[in-house]
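here is my input, please return the structure:
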Amino acid sequence: MVIHRLALPLSAVALLTAGIGCAHAQTTPDTQTDEIPHTVRAGDTLEGLANTYLDNPRQWLLLQQRNKVANPRRLQPGSTVWIPVRLQPKASAQVEFVHGSATAQPGAQAAAQPVAQGARLDEGTRLQVGPDSFIAVRLADGTLVRVQAQSDLQLRQLRRRGRAGSVQSVLEMRAGSVESSVTPSADALRRFEIRTPRAVTSVRGTEFGVALAASGQATASVLEGSVAVQSRAENAAQPAPDTTLLARGQGLSVAPDGTLGAPRNLLAPPDLSTVPAQLHDLGLLAINVPATPGATAFTAQVARDAAMTQVLRSGRFADGQLRWAALDDGSYHLAVRAVDEAGIAGLPATRPITIKTRPVPPLYQQPAPGAVLPRVTGALRCTEVPGARWYRIQVAASADFATPLLDEGRLGTCQLTLATLPLGNYFWRAATIAEPAGGALDQGPFAPAQPFAVAQQPAALDLSAMQATDGDTIVRLHWPAQAGQRFRVQLAPDLEFKTITQDIQLDEPRWTSADGLAAGTYFVRIQVLDPSGLQSEFSPPRSIRVGTGLNTSSGLPLSTMGGEPVRRP
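Sure thing, here's the model as predicted:
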């Protein structure tokens, strides 16, 4: 994982120097005035120094002019000879990886062009990276610079000390953030700096992070080596700035006025053990990270490689719910850091992840989530997926499917009957299996587990004991039932129930016809609605008569010669 992190806008006030004794350089952003100090040793000559530093012994005259040396062949041991960096041979960089929208402008008067992988970048090139984009740039000494989304960075200086000496690199930040992995070097004159008008970060083979909030507060965190953090005075008349040395695993914050906070231990790496090794979200890359003690936010990246040099997704999140646009199926690496209340990023946690979303799983058709199915006749059904012929359906007693009770493939239709499943509560899930031409079967992810229950289906009502008043204007029915059951009653003038006069649900096993129901013969049927959620079949229909309330002297309903009730005039 690449660790060095910078986010230094133009108002930065922190000066960070990695290690004691790094190469001196003036902090002005003007490359033309940058110089390297050389402490004269016995036997040094200006011609030899010009050959060593500038790869051109004939440039000793320029060194003589700059240092006002009377005798170029006799230098005073212990004295300092300043080497202008602008005289050193130029080096270059190369684009190792690019994702999204990014441009390179080789000079102030040149037009910006889209960045391509493998492109050469010369000194002075300005890089601008758009939203959701990323560039990895490899410098001549192997240092890798990762330019993050919405960044503006200039390769201000790319020089080499002599023909094969160390590289002198100065990068100038205008906006955004940069992460760098600096190659270790034993050369005390080796130089790598990232500058803003108000801050310089100089490193030599160490891994640390620097960030600057919109408020002007800067933070630093060290993962390898040691870093000297120095506040920067506004002008030369101010007292000498404070310096704090951070050890590995420490960080601090720098207030907007340059006041250094006390060193503190970095937060522990977030726990990624609960992150699934395989992710199946369609349309969204969603990862949930448990809370980390002391964390107020998280930073996270997803890359193609374990070194995090090919970043495809990155962001800062207020909680552990990491969300990005979806990625293609494949293998990736996740890196997450917890951020404390001072804004300091903690130690990183990394792990490989696999994204598998194809072939897409079917959709559930029935039962509805949590519904109850009848034993023997109940069935699980899901949609077909175009182009697929095989489906896999699992049933388990727990949502983790540690021990599936049913695990069956289905050809053609996504359906499974439950004839052998005992009464109880269960979960089911389904997946699609593709048949690539000439390849092995490829199973896609399971759809999310869905609960259901299997219960005994209630028997249809036996209405042989049903009692009803007949011939009056109001008809009353009641029937035997079990506790908790509800009922659906349908009334129709025809035996086939093509025209339903009433269709009502009842909480009790009794029914009274509506007042004003037209006189005549009707058919009634009843369905049991069991507390389990199951329903019985409708009972065989029974006929009832609704009368007019007119009776003969013997108490029978008054009827016409055809048997129809005589209506009340």
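
helix, strand, or coil at the residue lying closest to Glu123 once chain neighbours are set aside?
Nearest residue to Glu123 in three dimensions, chain neighbours excluded: Leu158, at 4.3 Å (Cβ to Cβ, 6 or more residues apart in numbering). Just so you know, the C-beta spots here come from the backbone N, C-alpha and C atoms, and that holds for glycine as well. Under DSSP: H, G, I helix; E, B strand; the rest coil, the three-state class of Leu158 is strand.

tell me the contacts of Leu158?
Lys90, Ala91, Ser92, Ala93, Asp122, Glu123, Leu139, Ala140, Val167, Gln168, Ser169 (Cβ atoms under 8 Å, 6 or more residues apart in numbering).

next one: it from Asn56, what distance?
18 Å (Cβ to Cβ, to the nearest Å).

and stretch 423-431, how far out from the chain middle?
29 Å (Cα atoms, centre = their mean, to the nearest Å).

ranges for the strands of the stretch 201-350 of the chain?
Ranges of strands within the stretch 201-350 of the chain are 207-212, 218-224, 227-231, 243-246, 250-254, 264-265, 278-279, 285-288, 297-303, 311-317, 321-324, 330-339, 345-355, based on DSSP state E, counting those that start in this stretch.

so which elements touch the last one?
Read that as strand 345-355. Using 3 or more Cβ pairs under 8 Å, 6 or more residues apart in numbering; DSSP states H and E, the elements in contact with strand 345-355 are strand 218-224, strand 278-279, strand 330-339.

those strands: lowest mean pLDDT?
Mean pLDDT is lowest for strand 218-224 among these, at a mean of 81.

relative to strand 227-231, how tilted is that one?
Strand 218-224 runs at 170 degrees relative to strand 227-231, counting by axes from the mean of the first three to the mean of the last three Cα atoms, to 10 degrees.

direction included, what does strand 218-224 pair against?
Applying DSSP bridges, strand 218-224 is found paired with strand 207-212 (antiparallel), strand 250-254 (antiparallel).

can you give me the buried ones in it?
Neighbour counts using 16 or more other Cβ atoms under 10 Å place Ala218, Thr219, Ala220, Ser221, Val222, Leu223 of strand 218-224 among the buried residues.

repeat that for stretch 171-180.
Going by 16+ other Cβ under 10 Å, stretch 171-180 has these buried residues: Leu171, Glu172, Met173, Arg174, Gly176, Ser177, Val178, Glu179, Ser180.

before we move on, the earlier item: need the strands of the stretch 201-350 of the chain in JSON lines (columns: distance to Pro422).
Converted to JSON lines, the strands of the stretch 201-350 of the chain look like this (distance: least, Cβ to Cβ, whole Å):
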{"stretch": "strand 207-212", "distance to Pro422": "58"}
{"stretch": "strand 218-224", "distance to Pro422": "56"}
{"stretch": "strand 227-231", "distance to Pro422": "65"}
{"stretch": "strand 243-246", "distance to Pro422": "64"}
{"stretch": "strand 250-254", "distance to Pro422": "58"}
{"stretch": "strand 264-265", "distance to Pro422": "56"}
{"stretch": "strand 278-279", "distance to Pro422": "31"}
{"stretch": "strand 285-288", "distance to Pro422": "35"}
{"stretch": "strand 297-303", "distance to Pro422": "44"}
{"stretch": "strand 311-317", "distance to Pro422": "45"}
{"stretch": "strand 321-324", "distance to Pro422": "39"}
{"stretch": "strand 330-339", "distance to Pro422": "41"}
{"stretch": "strand 345-355", "distance to Pro422": "36"}
